[in-house]
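Visitor: What shape does this take:
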Amino acid sequence: MRHYLPLIGILFLSLWANPTPGFGFPTINREGRNATDPNAAWQIQSRITPEIDGQNIFSILYHSDGKSAIIGTTDFYIYRINLLDGSLIWKVQAKMYYQKEFDGPTIFDVSPDGKTFLSFGQTDPNLQSSERFLVIRSSDNGNITRKFPAEFSVFYSHTADIDYRYPGDESKQNREAAGLSPNWIQTIDSAKYIDGGKRILVSYKHNMDGPHFYDRRLVIYETNSGKKINEYQLTSDPNSADWTQPAGFEIAHLQFPYQYVNKRNTIIYGNAHGRIHEINESIMVQNSNIPLVEEKFAGPIVYIPLSSSPDLETNDRQTIRSLTVSPDGKMLYCSAGIEGGYIQVYGYNLETKKEMFRSSFFDAGELVSPSNDILVIGGLYSSGRFHIVDTKKGILLFASNDEDNYIHPHLFSVHPKQREILALSSGNQLFILRPQGPVLPW
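Guide: Numbering: from 1, shown residues only. Reported below is the predicted structural model:
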């Protein structure tokens, strides 16, 4: 026994020096203020007034250099500004004919090399019913360098009696003559550079209400050639599907959150029935080769978050509002719930297949995981709040309020390299948030 004591002592010291990190989530109150950890709290380090001609900001994203940002405004202009003082670098018009009450050009993503960024154009700027398609713009001046063709829908269902596939030139001409929208064309929803910028992953949707909510699709393009490589049509898991409804979903699918996971070479996405699936390119091929949506393969289920609310009849039907995966590919975070505020944040370990935590109920919308310990949370609703959480320590690092540190819950961007977040406050003022002390990498 004596011979094993030194080994046990060494093992004990090793475990004490390198404890296995746990995961947790702080309690966030739905009403009133939330206290942050004073020793680890993030702070507003600077306040910037950008030179954008007094227009309202619609979208914002860090450039890859971390020193400038690209901004889309509600008057359909795109600006690149210097984050040192908010000064203008360039400005370009991106006018659309079809504009909603609060609308503007979305900046989807900036390429890893910083040379280009993704946004959208319009199929016919002179026709209000025309749809929006993917464009690549230069980061040097904002000019369009590539336009991707508008995507035709492939949605086809027998049980729901819906066929959105291209009906032919005669139907196209008749709809145009009647001033109707071409319901066989999808509109872009979001886009991301993947594989170090070599490819682009794009989500599409129908821009009309009603059953069109269910027509969701992922498409992968080659960046340099613009060639379509693969695609995937959203469909319900057969065990939870109601095939009298489009794509089998009983709940309108307003969100279609997805994430490309570099460490796994897969796409993880969430659906309206509270299922989180993981697909690879072979599953995408299998899905796209089958015409009927009710026969398509949804891909294996990774995780089903269960609601903690005793008021709900089905605790496994929490619509997935947003999801993100930690950079090491181990932790999956999602916000899920129903309308009325029954929304929770969940942490799930993809390696151990275990749920690590679930939060209390609060307004949790968009999630971003820029590091293996930090989770950034924007509210689902425009009246919601903005939070930063350390999931390994289970502590709250930042909580916005309606006074001196208000932050728009949807308009923020994480720095590409260092622990810093750019966020929109009131009056078009931009905040830069960082932890106390020296600037650290993610």
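
Visitor: pretty sure Ala200 is in contact with Ile220, am I right?
Guide: Just so we're on the same page, residue 200 is Ile rather than Ala. Yes. Ile200 is in contact with Ile220 according to CB atoms under 8 Å; the separation is 7.1 Å. Where C-beta positions appear, they are placed from N, C-alpha and C, glycine not excepted.

Visitor: what about those two, which has more around it?
Guide: Ile200 (24 against 20; other CB atoms under 10 Å).

Visitor: low pLDDT regions in the protein?
Guide: Applying pLDDT under 70 to the chain flags the ranges 1-21, 97-101, 125-130, 208-211, 340-341.

Visitor: what do you get if the cut-off is 50, keeping everything else the same?
Guide: The chain contains residues with pLDDT under 50 at 1-20.

Visitor: secondary structure element for Phe58?
Guide: Element membership of Phe58, judged by DSSP states H and E, is strand 57-62.

Visitor: Then Ile81?
Guide: Using DSSP H and E, Ile81 falls within strand 77-82.

Visitor: that older thread, so what does the strand holding Phe58 touch, helix or strand wise?
Guide: In terms of contacts (3 or more CB pairs under 8 Å, 6 or more residues apart in numbering; DSSP states H and E), strand 57-62 is packed against strand 68-73, strand 109-110, strand 412-414, strand 421-424.

Visitor: Quick one: distance of the third one to the chain centre.
Guide: Same thing as strand 412-414. Relative to the centre of its chain, strand 412-414 is centred 12 Å away, using CA atoms, centre = their mean, to the nearest Å.

Visitor: what do Ile200 and Ile220 both touch?
Guide: Common contacts of Ile200 and Ile220 (CB atoms under 8 Å, 6 or more residues apart in numbering): Ile194.

Visitor: which stretches of the stretch 301-442 of the chain form helices?
Guide: Assigned helices in the stretch 301-442 of the chain: none (criterion: DSSP state H, counting those that start in this stretch).

Visitor: Next up, the contacts around the spatially most central residue of the chain.
Guide: Residue closest to the average C-alpha location in the chain (CA atoms, centre = their mean): Pro257, at 5.6 Å. With contact set as CB under 8 Å, 6+ apart, Pro257 has these partners: Tyr269, Gly270, Ile320, Arg321, Ser322, Leu323, Cys334.

Visitor: Now do the strand holding Ile81 and strand 68-73, the angle between them.
Guide: Note on geometry: by axes from the mean of the first three to the mean of the last three CA atoms, to 10 degrees, strand 77-82 and strand 68-73 are set 160 degrees apart in direction.

Visitor: Can you list the buried residues in the next helix or strand after strand 77-82?
Guide: Per DSSP H and E, strand 77-82 leads on to strand 88-93 as the next helix or strand towards the C-terminus. Using 16 or more other CB atoms under 10 Å as the test for burial, strand 88-93 gives Ile89, Lys91.

Visitor: May I have the strands that pair with strand 88-93, each with its orientation?
Guide: strand 77-82 (antiparallel) (DSSP bridges).

Visitor: how distant is the partner strand from the center of its chain?
Guide: Centre-to-centre, strand 77-82 and its host chain are 22 Å apart (CA atoms, centre = their mean).

Visitor: got a list of contacts for it?
Guide: 50-53, 55, 63, 67-73, 87-94, 105, 107, 119, 137, 139, 142.

Visitor: Repeat that for stretch 275-293.
Guide: Applying CB under 8 Å, 6+ apart, the contact partners of stretch 275-293 are 154-158, 218, 220, 230-233, 235-237, 240, 246-248, 264-271, 296-305, 320, 323, 332, 334.

Visitor: Repeat that for stretch 155-169.
Guide: So stretch 155-169 is in contact with 152-154, 172, 183-184, 206, 211-212, 214-215, 233, 243-247, 291-294, going by CB under 8 Å, 6+ apart.

Visitor: where does Gly299 sit relative to Ile251, distance-wise?
Guide: 19 Å (CB to CB, to the nearest Å).

Visitor: Those two: which has the busier surroundings?
Guide: Neighbour count, other CB under 10 Å: between Gly299 and Ile251, Gly299 has more, with 23 against 18.

Visitor: can you map out the strands along the stretch 201-350 of the chain?
Guide: Along the stretch 201-350 of the chain, counting by DSSP state E, counting those that start in this stretch, strands occupy 216-222, 228-233, 258-261, 266-270, 276-279, 301-303, 319-325, 331-338, 342-349.
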